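Enquirer: Model the following, please.
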Amino acid sequence: MTASRIAIVHERFTEYGGSEAVIAEFMKTWPGAPVFAPIVEEDCTRSLFAAVRDGSPAAEVAPVRDTWLSRAHIASGRRSHAPLLPFVPRALRGLPLRGEYDAVVISHHAFATQAALATDAPVIAYVHSPARWAWDKEFRQREAGGRAGQLALTALGQLARRSELRAAPRLTHVVANSQAVAKRVQDWWGLPASVVNPPVRVERFTPDPAVEREDFFLLAGRLVPYKRPDLAIAAARRAGVRLIVLGDGRFRKQLESLAGPETTFLGAASDEVLLDMYRRCRALLMPGIEDFGIVPVEAMACGAPVLAVGAGGALDTVIPGISGEHVTPGGDEAVIAGFARIMREFDPAAYPRETIRKHAIGFSPEVFRSRIADIVSRNCR
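Expert: All right, here's what the predicted structure looks like:
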């Protein structure tokens, strides 16, 4: 199997995040393999190529092949890709994938598995999650703003569900990014899934024994409703403990109105600031139910324990008594009370940095590449 016989499909390149980091590792696994996406922005692909070449400046990087939707996106002034989403399934079904490849590897959030209908090759789908906003009404209600947003997201959700179910029988193998996502794949698509956790840059986030832990908890990441930063802020206020918030997003103003004097907002942060805060905090908080959660593993790579709701990706990453603690899932009041209780009583000295770091190494990019390459090689023609 040569790299030229593998095709990689992603939903869109509009901003660089965790799923784009997965594509970078796919590109390292199969150098020179063509990458397809319906909507592509140059700023995002520049970040992608930089990630692929990190440590290997001469690495072979194939250009990303887009579709007519990219041109429509440019013509719109790139204000938002959202109005183009209803057209994404058709663009994916029109990709030139038939008859040329030993396998097609898909990175899926909502529509990407439609590419399975454009090829006769085996299809391996790496699923960050089935479209959660399409299948989970409560999640959709939190994410949509106002009645117009609710109606639009409901209609798009119907399209996403139909699209996912249409493509499901054509998938040769499904790989979920966590045990929680594997359960969704089984419940919503009726398919089994193996689990390969996403790659985390554990080599960039390391402990420093010379840095003392300080008397504050840390919340880091995008300030958006589904991550439930409001629960962490309410818990800090109830417990009377210091909380530092790193990150920005549309939820920030509302969060600032909820916060007490014990909470400090520092805005978006560089990797250098994150590294410093991970090393100094008493623990990182993970109040939302994540599909996986990259930030908690980065913190653990620095030796920081993590306090997380015991659901979703935290079940894969946070080991009670070893790398942190779980808060029992439940209603908002129960979760706030659970976090507040643990934060008041928390002793970071009970969680040795070296032990937490050793656990985090299991989520390295090298481990990811080895496992995904093995799955694809066993399923290609």
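
Enquirer: The stretch 251-381 of the chain: helices as residue ranges?
Expert: 252-258, 271-280, 294-301, 314-317, 332-345, 353-360, 365-379 (DSSP state H, counting those that start in this stretch).

Enquirer: After the helix or strand bottoming out on mean pLDDT in the chain, which helix or strand is next? Please name it.
Expert: Sorting the helices and strands of the chain by mean pLDDT, DSSP states H and E puts helix 137-143 at the bottom, at a mean of 71. Downstream of helix 137-143, the next assigned helix or strand under DSSP states H and E is helix 146-167.

Enquirer: what packs against the helix or strand following that next one?
Expert: Next helix or strand after helix 146-167 toward the C-terminus (DSSP H and E): strand 173-176. Contacts defined by 3 or more Cβ pairs under 8 Å, 6 or more residues apart in numbering; DSSP states H and E place strand 173-176 against strand 123-127, strand 194-195, helix 365-379. For glycine as for every other residue, the C-beta is placed from the backbone atoms N, C-alpha and C.

Enquirer: Repeat the analysis, applying 10 Å as the threshold.
Expert: strand 103-108, strand 123-127, helix 179-184, strand 194-195, helix 365-379 (3 or more Cβ pairs under 10 Å, 6 or more residues apart in numbering; DSSP states H and E).

Enquirer: Within its sheet, name the partner strands of the shortest one and how each one runs.
Expert: So the one you mean is strand 194-195. strand 173-176 (parallel) (DSSP bridges).

Enquirer: Give me the contact list for the partner strand.
Expert: Here strand 173-176 makes contact (Cβ atoms under 10 Å, 6 or more residues apart in numbering) with 103, 105-106, 108, 113, 122-130, 168, 181-186, 189, 191-197, 291-292, 371-372, 375-376, 378-379.

Enquirer: low pLDDT regions in the stretch 1-150 of the chain?
Expert: Within the stretch 1-150 of the chain, the segments meeting pLDDT under 70 span 1-4, 55, 58, 78-79, 142-149.

Enquirer: what are the ranges of the strands in it?
Expert: Here the stretch 1-150 of the chain has its strands, by DSSP state E, counting those that start in this stretch, at 6-10, 12-13, 35-36, 39-40, 64-65, 103-108, 123-127.

Enquirer: So for Pro209, which of those sits nearest?
Expert: Proximity to Pro209 (Cβ to Cβ) singles out strand 123-127 among the strands of the stretch 1-150 of the chain, at 36.4 Å.

Enquirer: Need the helices of the stretch 251-381 of the chain in a markdown table (columns: mean neighbour count, mean pLDDT and distance to Glu212).
Expert: As requested, the helices of the stretch 251-381 of the chain are exported to a markdown table (neighbours: other Cβ atoms under 10 Å; pLDDT from 0 to 100; distance: least, Cβ to Cβ, whole Å):
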| stretch | mean neighbour count | mean pLDDT | distance to Glu212 |
| --- | --- | --- | --- |
| helix 252-258 | 13 | 93 | 28 |
| helix 271-280 | 18 | 95 | 7 |
| helix 294-301 | 27 | 96 | 16 |
| helix 314-317 | 22 | 95 | 25 |
| helix 332-345 | 17 | 97 | 19 |
| helix 353-360 | 18 | 96 | 12 |
| helix 365-379 | 16 | 96 | 30 |
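
Enquirer: about what we covered before: what's the closest of the strands of the stretch 1-150 of the chain to Gly157?
Expert: strand 103-108 (15.5 Å).

Enquirer: so which of the strands of the stretch 1-150 of the chain comes closest to Arg71?
Expert: strand 39-40 (9.8 Å).

Enquirer: Could you list every helix and strand in contact with the least confident helix or strand of the chain?
Expert: Counting by 3+ Cβ pairs under 10 Å, 6+ apart, helix 137-143 packs on helix 132-135, helix 146-167.

Enquirer: among these, which is the most enclosed?
Expert: helix 132-135 (a mean of 21; mean count of other Cβ atoms under 10 Å).

Enquirer: With just CA atoms, put it into PDB.
Expert: This file holds the C-alpha atoms of helix 132-135, laid out as PDB (Å, rounded to 0.1, in the frame of the first residue of the first chain):
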ATOM      1  CA  ARG A 132     -24.400  15.900  18.200                       C
ATOM      2  CA  TRP A 133     -26.500  19.000  17.500                       C
ATOM      3  CA  ALA A 134     -28.600  16.900  15.100                       C
ATOM      4  CA  TRP A 135     -29.300  14.000  17.400                       C
END
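
Enquirer: Please tell me how far it is from the chain's geometric centre.
Expert: 15 Å (Cα atoms, centre = their mean, to the nearest Å).

Enquirer: And for that helix, what's in contact with it?
Expert: 109-111, 129, 139-144, 153-154, 156-164, 181, 184, 187-189, 226, 289, 291.

Enquirer: contacting residues for the nearest residue to Met300 once chain neighbours are set aside?
Expert: Using Cβ to Cβ, 6 or more residues apart in numbering and skipping residues adjacent in sequence, the residue nearest Met300 is Ala360, 4.1 Å away. Counting by Cβ under 10 Å, 6+ apart, Ala360 makes contact with 200, 202, 205-207, 296-304, 317, 323.

Enquirer: rewinding a little: now the contacts of strand 173-176: which count as buried?
Expert: Burial by neighbour count, 16 or more other Cβ atoms under 10 Å: within those this picks out 103, 105-106, 108, 113, 122-130, 168, 181-182, 184-185, 189, 191, 193, 196-197, 291-292, 372, 375-376, 379.

Enquirer: if I look at Ala235, how far off is Pro199?
Expert: 30 Å (Cβ to Cβ, to the nearest Å).

Enquirer: Neighbour count: these two, which is higher?
Expert: Between Ala235 and Pro199, counting by other Cβ atoms under 10 Å, Ala235 is the more crowded of the two (26 against 23).
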